[in-house]
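**Student:** Starting from these lines, generate the structure:
(chains A and B)
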Protein chains: 2
Amino acid sequence: MHKAFRELVQKNNTKIVLVVLDGLGGLPVNGKTELEAAQTPQMDALAKSSACGLHIPVSHGITPGSGPGHLALFGYDPLEYQIGRGILEALGLGMDVRKTDIALRCNYATIENSVIKDRRAGRIPTDQSRLLTDKLQKNITTIDGAEIIFAPGMEHRFAVLLRFPEPLGAGASALNDTDPQKEGLAPLPPVAGTPDAEPVARVAGKFVSQVSEVLRNEEKANYALLRGFSVLPDLPSFSDLFGLKAVAIANYPMYRGLAKLVGMQTPVISGDVQSEIDFLRENYEQYDFFFLHVKKVDSYGEDGNFVEKKKRIEEFDMLLPQILDMKPDVLIISGDHSTPALLKGHSWHPVPVLLKSPFVLGGLCQGFSERECTKGELGIFPTTSLMPLALANAGRLKKFGA
Amino acid sequence: MHKAFRELVQKNNTKIVLVVLDGLGGLPVNGKTELEAAQTPQMDALAKSSACGLHIPVSHGITPGSGPGHLALFGYDPLEYQIGRGILEALGLGMDVRKTDIALRCNYATIENSVIKDRRAGRIPTDQSRLLTDKLQKNITTIDGAEIIFAPGMEHRFAVLLRFPEPLGAGASALNDTDPQKEGLAPLPPVAGTPDAEPVARVAGKFVSQVSEVLRNEEKANYALLRGFSVLPDLPSFSDLFGLKAVAIANYPMYRGLAKLVGMQTPVISGDVQSEIDFLRENYEQYDFFFLHVKKVDSYGEDGNFVEKKKRIEEFDMLLPQILDMKPDVLIISGDHSTPALLKGHSWHPVPVLLKSPFVLGGLCQGFSERECTKGELGIFPTTSLMPLALANAGRLKKFGA
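**Tutor:** Residues are numbered from 1 along each chain as shown, chains lettered A, B, ... in the order given. Next up, the predicted model:
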């Protein structure tokens, strides 16, 4: 499909805005979902005249992580393109991951007499952990020619990039986790699962020793467990595929990181959703495609906080007229997955979507909600079909065949 | 997808009940389908609060046999995993088919001067045919080390297993039917289509001769035509794939046989649907997954008997509260295919389904019928997606990707 695509794409001056209310979809509590309970007069009015439906990020019944959810929204099959754990962690911490990097997520741990006593070093506080990570960075900068780059995380977590001077082979990240998963066991040595991974295993082995040396006098955090060895996935670029100059407007590093994976521009945006919309307005002439990410809807869903999730949806609804004022040719409002407060986490449920363009039927939904979207003209469809629909509605796809 | 699946499955204590009303889907006669005409207050109430939709067992326009219909319900792509005719016949007659068996379905036939005079031996009555099959079994028990096992069928039909002492190669069942398909022609010799099939061809050739010898004095049934050489399909087991301890509760041998193919437990259940529900209740603690099969809905559909098909649906509806009393975490009610009385046979029409769980939207359908299910939150989807949905609703699938 991607191959057929490149031949159909044509450029024009249209603007496409994709608003992702992270974790938008929900489930009923006292009869109504978060989106149904929210007062959303703007989105309801829009839904009445838009093409609506529900999309499935990975497959029926499969609960997507943020990575698969966003890749699918960007038009990439998340079963074909998988993002390693180390990479996602590094992106989430705002690291600039490159093609020659091996990314790891690490835990501070406590080791005693060669066995792991605590896999999380007593969940040491973030401010202490941050100091240790700074100290490691000062003491460990290169190993066997590979640059070592640390990023502090929450509590006992941190991330590391092993930046090799030259590109590694396809199997370079085939290494086991060193975490034995149980306390009372010795940590595992990092072992190469392929010849490509051998140089990585050597660097990782020395890395563990050097970290231990630097941390030897720490009471709790005297060791590091390495997990999720991974490399950047090899994704065709968004601009090559779709002919769009694209920007991510996201105030959380992970979502900028995911957008960067497909080659979008990813300026650092700080501040709230209003700041994101301001950026959109101020840079409206510079790009064709705008991915605007609203995080907090998901965060409150994950907390099981129905009321606050509902409020974040309402907040966005009040800001929506500012986006409508820019008159994008195609405006899509949806989520990357569902996060029902009822489940306190991501879920497998199809995600409601509305697509505003002059070229839709409309008139099928009375408002914007999971249940109303079941009546929409888009039906229930794979999330990867959203980009083709966006392009088509923007007049950016030629006829296939004669 | 199956590969991704194994890594996502997690176990817990939930119970999943899949009720298959065989051939459930129908078509309108005087404006209403069988399911619409039936008085089904229980299923109607359940549909109102459940996730509903319609599923397609094989592909649009394709009418599934019982084998593909059930494999799809169990989560196996019926185009990838095909069940040979001989195997299905043997399962339908309740034979215990093993991995080293070649299964055949056979016809008694009349041969005269080396040509087939009647391919069905005058459709001899079942009781006569059964006596002949007993006689064959007494006279033919092994050929070249292969055990020969007969099972009598209806009228001129019977089934045979050639049980080899050791596993055969992948191409072992590549043999032609010996049935020339037209009367007045000589039967064909069984010829091996691959080297793997050569030992089978030798045994089959001797088998035909020995049968002819035993039947030489019969007036009509003096020959056997062999069809549908096949072996057990190599299916990954249901418990490996889905992590479920599963049992088939089915009073017809073929459906137990299909469930056995995927590794479900298949106790012999005799008696009616009430007996099946009694078994469910009495064994509720022993399993995670229950496939409860209701045959008669299909049987009357095949006969073109709209009224009796409707009555079997109503009968099940009256029994449903007994299942609801067990409070399964996930309850699915559906069929393996449609069997409209109007068509007197299986059909290609999508099959209505309701899925009851605490994690659905509900509120979209006014009752349980083909037309109401078009309004449901599940949409129209591949039957193979039903198992992932069941697992997700039972909390048995982890998140895909981070």
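**Student:** With adjacent residues omitted, what lies nearest to the residue in chain A positioned nearest to chain B?
**Tutor:** When scored by Cβ to the nearest Cβ, chain A has A:G61 as its residue closest to chain B, at 3.0 Å. Quick note: C-beta positions are derived from backbone N, CA and C, even for glycine. The shortest distance from A:G61 to any non-neighbouring residue, by Cβ to Cβ, 6 or more residues apart in numbering or on different chains, is to B:P388 (3.0 Å).
**Student:** Okay, and that neighbour sits in which element?
**Tutor:** helix B:386-393 (DSSP states H and E).
**Student:** Now do that helix: distance to the chain's middle.
**Tutor:** 21 Å (Cα atoms, centre = their mean, to the nearest Å).
**Student:** who touches the residue nearest to A:G61 in this structure?
**Tutor:** With contact set as Cβ atoms under 8 Å, 6 or more residues apart in numbering or on different chains, B:P388 has these partners: A:S59, A:H60, A:G61, A:I62, A:W348, B:F5, B:G75, B:L397.
**Student:** One more: A:V297?
**Tutor:** A:V297 neighbours (Cβ under 8 Å, 6+ apart): A:L21, A:D22, A:G23, A:L24, A:K309, A:R312, A:I313, A:F316, A:G335, A:T339.
**Student:** Domain-wise, how is chain A divided?
**Tutor:** The record's domain split for chain A, according to automatic domain parsing, is A:2-82+A:234-393, A:87-230.
**Student:** Ends of the last one, what's the gap?
**Tutor:** Its first and final residues considered, domain A:87-230 spans 6 Å by Cα to Cα, to the nearest Å.
**Student:** How about the first one?
**Tutor:** One end of domain A:2-82+A:234-393 to the other measures 18 Å (Cα to Cα).
**Student:** Residues touching the helix or strand where A:F290 lies, excluding its own?
**Tutor:** Element membership of A:F290, judged by DSSP H and E, is strand A:289-294. Applying Cβ under 8 Å, 6+ apart, the contact partners of strand A:289-294 are A:15-22, A:73-74, A:238, A:242, A:244-252, A:255, A:259, A:264, A:273, A:276-277, A:280, A:284, A:312, A:316, A:323, A:328.
**Student:** now swap in stretch A:314-326 and tell me
**Tutor:** A:15, A:17, A:19, A:21, A:38-43, A:46, A:273-274, A:277, A:280-281, A:284, A:292, A:294, A:297, A:331, A:333.
**Student:** what separates the strand holding A:F290 from the chain centre, distance-wise?
**Tutor:** 12 Å.
**Student:** Okay, now the sheet partners of that strand, with direction.
**Tutor:** Using DSSP bridges, the strands paired with strand A:289-294 are strand A:16-21 (parallel), strand A:246-249 (parallel).
**Student:** Using a markdown table, please lay out those together with mean pLDDT, mean neighbour count and distance to B:G379.
**Tutor:** Formatted as a markdown table, the strands paired with strand A:289-294 follow (pLDDT from 0 to 100; neighbours: other Cβ atoms under 10 Å in any protein chain shown; distance: least, Cβ to Cβ, whole Å):
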| stretch | mean pLDDT | mean neighbour count | distance to B:G379 |
| --- | --- | --- | --- |
| strand A:16-21 | 98 | 25 | 22 |
| strand A:246-249 | 98 | 24 | 30 |
